[in-house]
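give me a model of this one.
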Amino acid sequence: MSQGERMIPCSDAVRQLWEYLDQALSPEDQAKVEQHLAFCRRCCGELEFAKELRTFLASNDVEEIPPDVRKRLERFVEGL
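Residues are numbered from 1 along each chain as shown. Modelled structure (predicted):
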């Protein structure tokens, strides 16, 4: 990223988190998300939540999401 380019806003970083986790972003977009994550604690928290949710969904064979996880997921989606 050149010196004249600005860091992407939180809304862009959060919107791209799942693709970032899937390594489905272009190298340029991946670099932009990583630059943002290096400075934004809020989005780092969103990334950690996305990782936790992905792990939970992959490892559990439950039909209903626990209430506390559901609330965190709803807050996450509302913030997009």
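
and the residue nearest to the spatial centre of the chain, how far is that from Glu64?
Here the mean C-alpha position of the chain is nearest to the C-alpha of Leu17 (Cα atoms, centre = their mean), at a distance of 3.3 Å. Between Leu17 and Glu64 the computed distance is 24 Å (Cβ to Cβ, to the nearest Å). All C-beta atoms are positioned from the backbone trio N, CA, C, and that covers glycine.

ok, Val14 next?
Counting by Cβ to Cβ, the separation of Val14 from Glu64 is 26 Å.

in terms of neighbours, single out the busier of those two.
The residue with more neighbours, out of Val14 and Glu64 and counting by other Cβ atoms under 10 Å, is Val14; that gives 21 against 7.

doesn't Phe49 make contact with the more buried one?
No - the pair Val14 / Phe49 is not scored as a contact, 10.3 Å apart, by Cβ atoms under 8 Å.

sec struct for Ile65, please.
coil (DSSP: H, G, I helix; E, B strand; the rest coil).

does it touch Leu73 like I think?
Yes - with contacts counted by Cβ under 8 Å, Ile65 reaches Leu73, the gap being 6.9 Å.

and the helices in this structure?
According to DSSP state H, the chain carries its helices in the segments 10-15, 17-21, 27-39, 41-59, 67-78.

can I get those in TSV with mean pLDDT?
Compiled in TSV, those are given as follows (pLDDT from 0 to 100):
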stretch	mean pLDDT
helix 10-15	93
helix 17-21	92
helix 27-39	95
helix 41-59	87
helix 67-78	80
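
quote the end-to-end distance of stretch 9-24.
Here the two ends of stretch 9-24 are set 19 Å apart, with distance taken as Cα to Cα, to the nearest Å.

and the contacts of it?
The list of residues contacting stretch 9-24 from outside it, by Cβ atoms under 8 Å, 6 or more residues apart in numbering, reads 25, 29-30, 32-33, 36-37, 40, 42-43, 46-47, 50-51, 54, 79-80.

list the buried residues in that stretch.
Under the neighbour-count criterion of 16 or more other Cβ atoms under 10 Å, stretch 9-24 has 13-14, 16-17, 20 buried.
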